[in-house]
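1. My questions are about this predicted structure, shown below with the sequence.
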Amino acid sequence: MAVQKRKPNKQQDKATASKAVRTKPTELNPKTTHYEFGGPIGAVAMVIFLPILVLFFATCCDETGYPSQAFKDDWKSALLSKLNKDFLISLFDPMAFAIYVAFVGILALLYLVLPGDNIPGTVIRDGSRFKYRMNGFASFHTLLFGALYFLKDTGLKPLEYVYDHYIGLAFASIIFSYLVSIAVYAASFKPGKLLALGGNTGNPIYDFMIGRELNPRIDSFDIKFFTELRPGLIGWLILNYCLAAKQYIDLGYITNTMVLVQFFQSWYVIDSLWNEEAVLTTMDITTDGFGFMLAFGLYTWVPFTYTLQARYLVDFPRSISWIEFGAIIAFNFLGYFIFRGANSQKNEFRTYPNSPESKKLKYLQTKVGSRLITSGWWGMSRHINYLGDWMMSLSWSLPCGFASPIPYFYPVYFGILLLHRERRDDHKCRTKYGEDWEKYCKIVKYRIIPGVY
Ligand code: NDP
């Protein structure tokens with residue numbers, strides 16, 4: 001807060017800022033010496049190929065197949081036909097772009113005007129502690145009921161726009177992600193900024209990708225916190241609902257598989273919005289800078305790849321037996337029980353260490369001050385929350401059956417992400433806690449799956 005919120009006169013501001021830069025550059029913002037994600041080469045690959053992958057799903061999966069029949073017949077020609085100027089120009093859909101920007105704008109406005117508890121985040125390393133307004137749940141419902149009010153006169157027809165202009169919307173979100181990432185990267189060079197410990201290598205493409213500034217803010221508007229749950233998670237559900245409406249318009253009913261996908265994913269998102277506070281202790285907020293990885297991940301990747309299952313079921317509607325239906329529900333809720341139980345337990349323990357629930361837990365007191373839980377969910381494995389999360393991701397794809405691998409993209413990618421994320425977190429904690437982390441790993445032996453891994 002000290003850095004962003006102070007508002008003395010301009011001359012004084014300049015003096016203080018340059019003093020901050022002159023006196024404490026390496027102490028507060030040390031140079032990052034460790035690369036992740038394959039370093040600069042990995043960063044270039046992510047910045048170029050991840051948007052192409054999103055466009056691949058949007059353009060090479062259609063009602064002829066996932067991937068499309070044209071792709072199956074001759075994948076080289078199908079891809080080459082897209083590597084030309086005309087195709088790239090056709091991707092830009094001005095109306096879709098305007099709708100996408102309006103959507104993010106409405107979410108930003110709701111974030112600013114709707115009431116919500118102002119909850120303090122963790123103390124960051126310059127000693128400040130930001131407050132975050134918890135109104136994601138209210139924002140989602142305001143948007144939803146606003147849309148329903150509008151639709152009472154028109155019926156579901158306008159929602160078909162999303163299916164019909166899916167490519168244009170995906171491309172709009174990609175442009176938006178690049179613009180936001182460029183803006184926050186440029187702003188991170190202003191004096192007095194607190195940088196992420198992992199985002200200050202000095203290599204521009206790597207820092208741009210991983211995120212340079214820890215908490216980019218426009219006055220009290222926290223860009224990272226806003227982006228974390230709103231455009232990504234709310235955007236995902238809004239797209240999903242539009243796809244369900246499309247199936248209803250096409251068939252006159254909604255298949256039980258679509259019901260499952262909608263129910264699971266709504267549950268996941270609404271639960272995350274309801275427990276918005278829990279995001280304050282995640283790596284994204286406490287450790288990672290805000291750059292292309294988070295911006296693209298939340299403006300594009302989450303809404304446009306996590307909706308693959310719903311989109312598949314519009315193109316290939318299918319129903320399943322009630323036994324399969326029940327089994328998939330049971331598997332999902334087992335995953336949810338693990339995921340939510342573990343995340344809430346850590347959040348409760350860290351935020352309210354003297355609550356009766358927290359007092360029941362065993363812990364290891366580290367020299368740097370934090371306590372690491374060694375019983376309950378966190379005594380079973382060091383990231384049991386990842387296991388529950390992955391089980392849920394698999395249950396979202398099972399309703400699509402096994403005719404195509406593409407609806408399983410999400411659990412496969414997510415599994416890899418979680419394995420990698422666990423290694424990153426392990427490295428972070430090893431660096432932070434040293435010997436204490438070794439001790440903790442001896443008490444809690446498994447990384448993710450108790451007894452197995
Ligand atoms: P965690 O919520 O697991 O947080 C890890 C941090 O918690 C560590 O860095 C450490 O921070 C602290 N910690 C570690 N062990 C203990 C312990 N035993 N007791 C107390 N604190 C401990 O990690 P993530 O932020 O990666 O994940 C949060 C949730 O988000 C997970 O459920 C994950 O599955 C989900 N997720 C979902 C994604 C998606 O795309 N759907 C993507 C990524 C994550 P400290 O320095 O404070 O000690």
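-> Sure thing, it's come through.
2. what sits opposite the spatially closest residue to Lys439 that is not a sequence neighbour in the beta ladder?
-> Computed as Cβ to Cβ, 6 or more residues apart in numbering, the closest residue to Lys439 that is not its neighbour in sequence is Leu364, at 6.3 Å. Using the backbone N, CA and C atoms, a C-beta is placed for each residue, glycine as well. Per DSSP bridges, the residues bridged to Leu364 are Leu372.
3. neighbours around Leu364, how many?
-> By the measure other Cβ atoms under 10 Å, the count of residues near Leu364 is 16.
4. Kindly report the same for Ala78.
-> The number of residues packed near Ala78 is 18, by other Cβ under 10 Å.
5. isn't it right up against Gln69?
-> No - counting by Cβ atoms under 8 Å, Ala78 stays clear of Gln69, with 9.3 Å between them.
6. could you measure the residue nearest to Lys131 when sequence neighbours are not counted against the ligand, distance?
-> Among residues not flanking Lys131 along the chain, Asn118 sits closest, at 4.4 Å (Cβ to Cβ, 6+ apart). Distance of Asn118 to the ligand, given as Cβ to the nearest ligand atom, to the nearest Å: 21 Å.
7. Kindly report the same for Tyr306.
-> Separation of Tyr306 from the ligand (Cβ to the nearest ligand atom): 8 Å.
8. And that residue, what's its pLDDT?
-> We note a pLDDT of 95 for Tyr306 in this prediction.
9. swap in Thr16?
-> We note a pLDDT of 35 for Thr16 in this prediction.
10. For His60, list the residues it contacts.
-> Not His; residue 60 is Cys. 67-68, 70-71, 78-79 (Cβ atoms under 8 Å, 6 or more residues apart in numbering).
11. Which pair of these spans the longest distance?
-> Maximum pairwise distance among those (Cβ to Cβ): 11.2 Å, between Ser68 and Leu79.
12. And those two? Which one has more around it.
-> Legend: neighbour count by other Cβ under 10 Å for Ser68 and Leu79, higher for Ser68 (17 against 14).
13. Backbone dihedrals for the more buried one, please?
-> For Ser68, the backbone dihedrals (degrees, to the nearest 10) come out as phi -60, psi 160.
14. Which residue does the stretch 101-250 of the chain have closest to the ligand?
-> Distances between the stretch 101-250 of the chain and the ligand by Cβ to the nearest ligand atom are smallest at Thr122, namely 6.8 Å.
15. Tell me, how many residues neighbour Ser133?
-> Slight slip there: residue 133 is Arg, not Ser. Close neighbours of Arg133, defined as other Cβ under 10 Å, add up to 20.
16. do Gly65 as well
-> Gly65: 18 neighbours (other Cβ under 10 Å).
17. beta partners of it?
-> Taking DSSP bridges, one obtains Asp62 as the residues bridged to Gly65.
18. Quick check: the gap between it and the ligand.
-> From Gly65 to the ligand the distance is 27 Å (Cβ to the nearest ligand atom).
19. ok, that residue - contacts?
-> By Cβ under 8 Å, 6+ apart, Gly65 lies in contact with 71-72, 404.
20. Repeat that for Pro204.
-> Taking Cβ under 8 Å, 6+ apart as the criterion, Pro204 is in contact with Tyr185.
21. and what of the one 10 residues further on?
-> Neighbour list for Leu214: 124, 194-196, 199, 289-290 [criterion: Cβ under 8 Å, 6+ apart].
22. likewise Gly291?
-> 181, 184-185, 199, 207-212 are the contacts of Gly291 under Cβ under 8 Å, 6+ apart.
23. quick check, the residue nearest to Lys131 in a strand?
-> Yes - according to DSSP: H, G, I helix; E, B strand; the rest coil, the state of Asn118 is that of a strand.
24. Look up how far Lys224 lies from it.
-> Separation of Asn118 from Lys224 (Cβ to Cβ, to the nearest Å): 17 Å.
25. For the protein, just list every one of the strands.
-> Counting by DSSP state E, the chain has strands at residues 117-120, 131-134, 217-218, 221-222, 363-365, 371-373.
26. With distance to Lys445 as added columns, please give the ones you listed in a markdown table.
-> A markdown table is the format used below for the strands of the chain (distance: least, Cβ to Cβ, whole Å):
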| stretch | distance to Lys445 |
| --- | --- |
| strand 117-120 | 34 |
| strand 131-134 | 35 |
| strand 217-218 | 40 |
| strand 221-222 | 37 |
| strand 363-365 | 14 |
| strand 371-373 | 14 |
